[in-house]
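Peer 1: Based on what follows, work out the 3D shape:
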Amino acid sequence: MSAPDHATLHALYNEHNGWLKNWLRSRLGNASDAADLAQDTFMRVLTSRNAQPIREPRSYLGAIAHALMVDKFRRKALEQAYLSELASRPERVAESPETRVLILETLVAIDTLLDGLGERTRQIFLAVQLEGLNYVTVAQRHGVSVTTVKKHLIRAMTHCLLLTDD
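Peer 2: Below is the predicted model of the structure:
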């Protein structure tokens with residue numbers, strides 16, 4: 001980052017960090033999480049800025065912070081679903097903290113991958129892959145033909161393969 005860019009970022013931080021923390025705290029109800037997300041927001045600005053000046057800094061920072069907040073809530077929901085599923089198992093499996101982190105990271109990656117699918121395609125894919133339902137049952141559940149179920153699965157599998165092939 002060049003000196004003028006550094007000075008610009010420094011000014012942006014000084015002028016808007018307090019506002020951003022207050023804005024996040026009002027949405028999160030927690031000063032600590034708000035401070036963390038504000039810091040993450042400025043790190044995102046630091047690592048992704050081009051040479052264009054920011055015309056509406058609060059809108060820009062708010063949009064970045066909102067996206068980071070959504071990601072945080074999504075990760076938290078996935079973690080809660082995973083822990084809930086673990087708790088409902090008849091045999092408690094004691095996993096190491098490292099294994100739990102790897103599983104949660106994998107779940108977040110899968111969620112991000114599936115986020116690129118349309119809603120119906122995602123629902124059909126999850127019904128077949130996670131619930132183990134057959135095509136006929138899925139077709140009945142969604143009010144579509146078996147051929148449509150197959151098309152949605154092909155679309156989902158292709159999407160997953162293309163994104164994991166990087």
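
Peer 1: So which residues make contact with the helix or strand bottoming out on mean pLDDT in the chain?
Peer 2: Ranked by mean pLDDT, DSSP states H and E, the helix or strand of the chain with the weakest confidence is helix 97-115, at a mean of 80. For helix 97-115, the external contacting residues (Cβ atoms under 8 Å, 6 or more residues apart in numbering) are 74-75, 78-79, 82, 95, 122, 125-126, 156, 159-160, 163-164. C-betas here are computed from N, CA, C, even on glycine.

Peer 1: Could you work out the most separated pair of those?
Peer 2: Based on Cβ to Cβ, the longest span within the contacts of helix 97-115 runs between Glu95 and His159 and measures 29.7 Å.

Peer 1: residue ranges for the helices of the chain, please.
Peer 2: 3-28, 31-48, 57-88, 97-115, 119-129, 135-142, 146-164 (DSSP state H).

Peer 1: got these as JSON lines, with mean neighbour count columns?
Peer 2: Formatted as JSON lines, the helices of the chain follow (neighbours: other Cβ atoms under 10 Å):
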{"stretch": "helix 3-28", "mean neighbour count": "14"}
{"stretch": "helix 31-48", "mean neighbour count": "16"}
{"stretch": "helix 57-88", "mean neighbour count": "14"}
{"stretch": "helix 97-115", "mean neighbour count": "13"}
{"stretch": "helix 119-129", "mean neighbour count": "17"}
{"stretch": "helix 135-142", "mean neighbour count": "16"}
{"stretch": "helix 146-164", "mean neighbour count": "15"}
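
Peer 1: rank the ones you listed by mean pLDDT and give me the bottom one.
Peer 2: Lowest mean pLDDT within those: helix 97-115, a mean of 80.

Peer 1: and the residue nearest to Phe125 when sequence neighbours are not counted, what does it touch?
Peer 2: Excluding its sequence neighbours, the residue lying closest to Phe125 (Cβ to Cβ, 6 or more residues apart in numbering) is Ala156, at 3.9 Å. Ala156 sits next to Leu114, Leu117, Thr121, Arg122, Ile124, Phe125 when contact means Cβ under 8 Å, 6+ apart.

Peer 1: Okay, the third one and Ile154: tell me how far apart.
Peer 2: Same thing as Thr121. 10 Å (Cβ to Cβ, to the nearest Å).

Peer 1: Do I have it right that Lys21 meets Ala31?
Peer 2: Yes. Counting by Cβ atoms under 8 Å, Lys21 does reach Ala31; the two are 7.5 Å apart.

Peer 1: ok, now how distant is the residue nearest in space to the middle of the chain from Met157?
Peer 2: Geometric centre of the chain, nearest residue: Asp71, 3.8 Å, by Cα atoms, centre = their mean. Using Cβ to Cβ, Asp71 is found at 25 Å from Met157.
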